[in-house]
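S.K.: Structural data only, the sequence is not supplied:
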């Protein structure tokens, strides 16, 4: 693939984390690419998959690592806003990834059942959510992994994409990546466009039977 597409920096290895009927299970990692170049190269890679009979099944994840070019901005990202401003439910549904052990949905664990919790203001509700998110991060993989934000090379890993034949749906994957890039901007201090976040915060404290996920 590297030779035919003339793409340097690609890394390939056997994937032992999945158990399929396929003779070979592989994992591919790309180097860091600017957004436009990344889209162009990704489209070529997906076409190469299709041409060479590469299969992406329900065990297959398409993980997107994304960050700002200005490294200082990455250290300013608010993890709580990153989660609450992203429509993880929508992309899990599109990729049929609900229930996958490596892509747990934060909202599933943020919903309060009985007894219902009540807070005098949104700041206190957010504080409860922040604590809950910290517990979630320690437990297992979720749709967004932000543990790399505290490293010398900070970035955010989105794990909600993938599934059967995802490489045949480039436009859908590209749309999701654009949404992820916008979401990083929403998670910066004093960012605007928090209406979706407010809606999701309220959803956390509604009875589960009446819960409708915003899209």
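M.R.: Done, it's in. Predicted model, so just to flag it, every value in this text is computed and none were measured.
S.K.: Which neighbouring elements make contact with the helix or strand of the chain with the lowest mean pLDDT?
M.R.: In the chain, the helix or strand scored least confidently by mean pLDDT, DSSP states H and E is helix 195-204, which has a mean of 76. Under the contact definition 3 or more CB pairs under 8 Å, 6 or more residues apart in numbering; DSSP states H and E, helix 195-204 sits against helix 79-84, helix 106-110, helix 122-139. Heads up, the C-betas are built off the backbone N, CA and C, glycines and all.
S.K.: Can you list the buried residues in it?
M.R.: 196, 197, 200, 201, 203, 204 (16 or more other CB atoms under 10 Å).
S.K.: Quick check: the gap between the third one and residue 173.
M.R.: So the one you mean is residue 200. Applying CB to CB, to the nearest Å, the value for residue 200 to residue 173 is 24 Å.
S.K.: so where does the residue nearest the centre of the chain fall, helix or strand?
M.R.: Compute the mean C-alpha point of the chain, and by CA atoms, centre = their mean the closest residue is residue 158, 2.4 Å away. Taking DSSP states H and E as the definition, one finds residue 158 inside strand 156-162.
S.K.: on that earlier part again, which one of the helices and strands packed on helix 195-204 is the most hemmed in?
M.R.: helix 79-84 (a mean of 22; mean count of other CB atoms under 10 Å).
S.K.: what comes into contact with that helix?
M.R.: Contact with helix 79-84 is made by 106, 126, 129-130, 133, 144, 146, 149, 156, 183-184, 186-187, 191, 194, 196-197, 200-201, as judged by CB atoms under 8 Å, 6 or more residues apart in numbering.
S.K.: any idea how far residue 21 is from residue 170?
M.R.: 26 Å.
S.K.: neighbour count winner among these two?
M.R.: For the pair residue 170 and residue 21, the greater number of neighbours falls to residue 170 (17 against 6), based on other CB atoms under 10 Å.
S.K.: so what's that one scoring on pLDDT?
M.R.: Confidence at residue 170, expressed as pLDDT, is 97.
S.K.: Perfect, that will be all.
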